[in-house]
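Asker: From the sequence below, what's the structure:
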Amino acid sequence: MLRYASLTTHQIQGGPAVRALAAAAVGLAAALALVLAVTAFGVPEGRTSPKPLLTTAPPAPGQE
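Answerer: Numbers count the residues shown, from 1 in each chain. As a prediction, this is how the structure comes out:
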């Protein structure tokens, strides 16, 4: 069993490096959970717009 399984990052002893590792592990677990959730639900149904997106910046004021 993990030693720090039920502790928050503020309760972990061992200095800033251990707290940083714990915070990174929590963030990585959250990101992985999000990826797995999106994968499980799949892509939403529907079509993409046939109109192209605006890819250039509009002219600056006075430069028209």
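Asker: what bits of this protein have low per-residue confidence?
Answerer: For the chain, the stretches with pLDDT under 70 are 1-13, 64.
Asker: Helices along that one, start to end?
Answerer: Taking DSSP state H, the helices of the chain run over residues 16-41.
Asker: Dead centre of it: give me the residue that sits there.
Answerer: residue 31 (5.5 Å; Cα atoms, centre = their mean).
Asker: Residue 37 versus that one, what's the distance?
Answerer: Summarising the geometry, the distance separating residue 31 from residue 37, computed by Cβ to Cβ, to the nearest Å, is 11 Å. C-beta: built from backbone N, CA, C; applies to glycine.
Asker: Check residue 18 too.
Answerer: 29 Å.
Asker: Residue 56 too?
Answerer: For residue 56, the distance to residue 37 - Cβ to Cβ - is 36 Å.
Asker: Ok, residue 59 next?
Answerer: 43 Å.
Asker: do residue 60 as well
Answerer: Distance from residue 60 to residue 37, counting by Cβ to Cβ: 43 Å.
Asker: likewise residue 16?
Answerer: Here the distance between residue 16 and residue 37 works out to 31 Å (Cβ to Cβ).
Asker: higher neighbour count, residue 56 and residue 37?
Answerer: In this comparison of residue 56 against residue 37, neighbours counted by other Cβ atoms under 10 Å, the higher total goes to residue 37 at 9 against 5.
Asker: Could you tell me which residues make contact with that one?
Answerer: Shown in contact with residue 37 (Cβ atoms under 8 Å, 6 or more residues apart in numbering): no residues.
Asker: Next, find the distance separating it from residue 17.
Answerer: Distance, residue 37 to residue 17, using Cβ to Cβ: 31 Å.
Asker: Could you do residue 34 as well?
Answerer: Distance check for residue 34 against residue 17: by Cβ to Cβ, it reads 26 Å.
Asker: again, but for residue 26
Answerer: In terms of Cβ to Cβ, residue 26 sits 15 Å off from residue 17.
Asker: the more surrounded of these two?
Answerer: A side-by-side neighbour count of residue 26 and residue 17, using other Cβ under 10 Å, places residue 26 first with 12 against 8.
Asker: Report the separation between residue 33 and residue 41.
Answerer: In this structure, residue 33 lies at 13 Å from residue 41, with Cβ to Cβ as the measure.
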